[in-house]
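Q: got a predicted model here, sequence first, then my questions.
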Amino acid sequence: MITTKLGTLTPHDLPSAPEAALRIVRACGDARASTHELQTLLSADTALSVEMLRVVNAPYFGLRRSITKMEQAIVVLGQRLIRNMALVFIARETLRANPIVQLNGRLYWEDCLRRAVVARLLAEALGLDRDDAFTLGMLRDMGLLALFTAYPDAASAWPALRCATPDQRQQQEMELFGVSHTRVGKMLAERWRLPDELALPLGHDHDQFLDDFTPQVKQRCQLLACADWMTAVYTATDKRLALARCRHALAEHFNLDHHASAKLLAEVPAAMIEAGAALGIAISKQAVFEELLADANRSMIAAHRRGDELARHLEVALQERERLAEELQIAFERLAQLAYFDPLTSLMNRRRFDEVFSAEIARHSRSGQCLSVVVVDLDGFKHINDTHGHLLGDEVLQRVAHAMKNTLRASDVAARIGGDEFYMLLPETDVAGGRIAAGRLQAALAALRFNSPLEPGHISASMGGSTWCGEQGQRADAGAVRTALISTADKALYNAKHNGRNQISWMQLK
């Protein structure tokens, strides 16, 4: 139950979805469901079966061969894509089954499709699952539709919400309903029994802190947030603000520069027409991105015009502002690099490592999973410095850091603590997994080659590891656990050196 400014909202107040499609969604989430069972469910609804076959054969979805039978579709597409197609069907049929007089259904549906298209384009550019991204984009506004279904008179506010940026819209929804569409969307996802990989991004894409989620869910939340800003470039009144925030979000979350973001935005109109044809939706004439951007710039200049001279001064001021903003961003990034990263190796420094370490301990104490840390100490590094000089010593440290980055997972963390001592933090990793990670680094160091007096295999390291497993639901003292883990790993490192160096020793924290 959700309490809003307009009344109490319960699951029964939410718009109903076609039951046949919901049964298919739920069956696709059941690993025990057989192909025959899915075929029976799909055959029970002729409209859904025909629509699904028509959609999957559209060029937009990129299948290499035509699919004519439902049993063939189940085998070729798989349960996950069948589920996604059923959810897209649900999104469209829910709007048809719950018409709202003051809501322009065609434009609402077109906006849903645009968000789905930009999510798919972004996922393709990042090498992520484009079908799940399309589905998330399509379902993104179901929470708002649920609110309008429960409170039809509030639908008169939709044109203003549609023209707002995501931030402005969030604020307007809170003022209008006392609750945002994301919270209601999460309730709807739970009622439909969607898996966490879809339900959590729909309920948390506006959240700033996502560290409690898995990397996949966090990435999907960020993708959906970026898709919102990309959509706003086409729908918001203040397009220049929407574009600036869009560029910032794409750079912050996915390291995409202005050129990459402009390329993605320019692909939206053609992709919209293609997706509309695939889903049988009449799409209005789409604005070309370059013209849209030019119009936005001209409109802003005209709004502040005080004669031709003032307009020229304003344009110069805008260019200067953008230049200063870019310089400020560069300066901020350099400051962050100095504050949190080792200048020689570009690995994290001790300060940043401790912050990340504490956050991971808090997360693992809630999940009950294991967390491992490895202390790495190069063998004979002082002799290399004394014999061959600090230039070669620095090169060795840089090559070792590069080897760490290449052998660790994206979720792992490497840091240079000082001198030739490094730490590796391995989330969701037990003793066996920790030894494997250390072994990969050991092999990579043995394979290093230098254009110098150092011979192949000369670089090696002694490693000491320790593992701690949280107790699910129990809050751990991050400082105490961090100190104990490092102390135990140091003892294991001592054993590795004592046993002849170039060894991996492990001790589990009790």
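A: In hand now; what should we look at?
Q: count the residues that sit near residue 116.
A: Residue 116: 26 surrounding residues under other Cβ atoms under 10 Å. For glycine as for every other residue, the C-beta is placed from the backbone atoms N, C-alpha and C.
Q: typo on my end, residue 91
A: 23.
Q: can you list the buried residues in the host helix or strand of it?
A: For residue 91, the element it lies in under DSSP states H and E is helix 70-97. Within helix 70-97, the residues that count as buried by 16 or more other Cβ atoms under 10 Å are 70, 73-74, 77, 79-95.
Q: the strands in the stretch 401-510 of the chain, which residues?
A: Using DSSP state E, counting those that start in this stretch, the strands of the stretch 401-510 of the chain run over 413-418, 421-426, 461-469, 504-508.
Q: now the longest one: mean pLDDT?
A: What strand 461-469 shows for mean pLDDT is 93.
Q: by how many degrees do it and strand 504-508 diverge?
A: 20 degrees (axes from the mean of the first three to the mean of the last three Cα atoms, to 10 degrees).
Q: how big is the angle separating strand 461-469 from strand 421-426?
A: Using the same axes, to 10 degrees, strand 461-469 lies at 40 degrees relative to strand 421-426.
Q: and strand 461-469, what does it pack against?
A: Counting contacts by 3 or more Cβ pairs under 8 Å, 6 or more residues apart in numbering; DSSP states H and E, strand 461-469 packs against helix 350-367, strand 370-378, helix 431-446, helix 478-498, strand 504-508.
Q: let me know which of the ones you listed is tucked in deepest.
A: Neighbour counts (mean count of other Cβ atoms under 10 Å) averaged over each of those peak at strand 370-378, with a mean of 25.
Q: report all helices and strands that that strand contacts.
A: helix 350-367, helix 390-407, strand 421-426, helix 431-446, strand 461-469, helix 478-498.
Q: now what about the last one, what contacts it?
A: With contact meaning Cβ atoms under 8 Å, 6 or more residues apart in numbering, helix 478-498 is reached by 354, 357-358, 361-362, 365, 371, 373-375, 377, 423, 462-466, 468, 503-509.
Q: what about the residue nearest to the spatial centre of the chain, distance to residue 73?
A: Residue closest to the mean C-alpha point of the chain, counted by Cα atoms, centre = their mean, is residue 219 at 1.5 Å. Here the distance between residue 219 and residue 73 works out to 28 Å (Cβ to Cβ, to the nearest Å).
Q: for residue 128, same thing?
A: Counting by Cβ to Cβ - residue 128 and residue 73 are separated by 24 Å.
Q: now swap in residue 37 and tell me
A: 15 Å.
Q: kindly report the same for residue 248.
A: Applying Cβ to Cβ to residue 248 and residue 73 gives a distance of 41 Å.
Q: also residue 508?
A: According to Cβ to Cβ, residue 508 stands 49 Å off from residue 73.
Q: quick one: contacts for residue 92?
A: Residues in contact with residue 92 (Cβ under 8 Å, 6+ apart) are 109, 279.
Q: ok so, going back, could I get the helices and strands packed on strand 370-378 as JSON lines with distance to residue 19?
A: Below are the helices and strands packed on strand 370-378 laid out as JSON lines (distance: least, Cβ to Cβ, whole Å):
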{"stretch": "helix 350-367", "distance to residue 19": "35"}
{"stretch": "helix 390-407", "distance to residue 19": "50"}
{"stretch": "strand 421-426", "distance to residue 19": "46"}
{"stretch": "helix 431-446", "distance to residue 19": "44"}
{"stretch": "strand 461-469", "distance to residue 19": "43"}
{"stretch": "helix 478-498", "distance to residue 19": "48"}
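Q: circling back: just checking, what packs against the next helix or strand after the helix holding residue 91?
A: The helix or strand immediately downstream of helix 70-97 is helix 105-126, counting by DSSP H and E. Counting contacts by 3+ Cβ pairs under 8 Å, 6+ apart, helix 105-126 packs against helix 70-97, helix 130-139, helix 158-162, helix 215-235, helix 239-254, helix 258-266, helix 268-279.
Q: which one of those lies closest to residue 106?
A: Smallest distance to residue 106 across these (Cβ to Cβ): 9.8 Å, for helix 70-97.
Q: what is the rounded mean pLDDT of the closest one?
A: Helix 70-97 comes out with an average pLDDT of 74.
Q: now that helix, how far from the centre of its chain.
A: Remark: helix 70-97 is offset 24 Å from the chain centroid, using Cα atoms, centre = their mean, to the nearest Å.
Q: just want the angle from that helix to helix 130-139.
A: Using the same axes, to 10 degrees, helix 70-97 lies at 20 degrees relative to helix 130-139.
Q: now helix 70-97 and helix 268-279, what's the angle there?
A: Relative orientation of helix 70-97 versus helix 268-279 (the same axes, to 10 degrees): 110 degrees.
Q: between helix 70-97 and helix 105-126, how big is the angle?
A: Helix 70-97 and helix 105-126 are oriented at 130 degrees to each other (the same axes, to 10 degrees).
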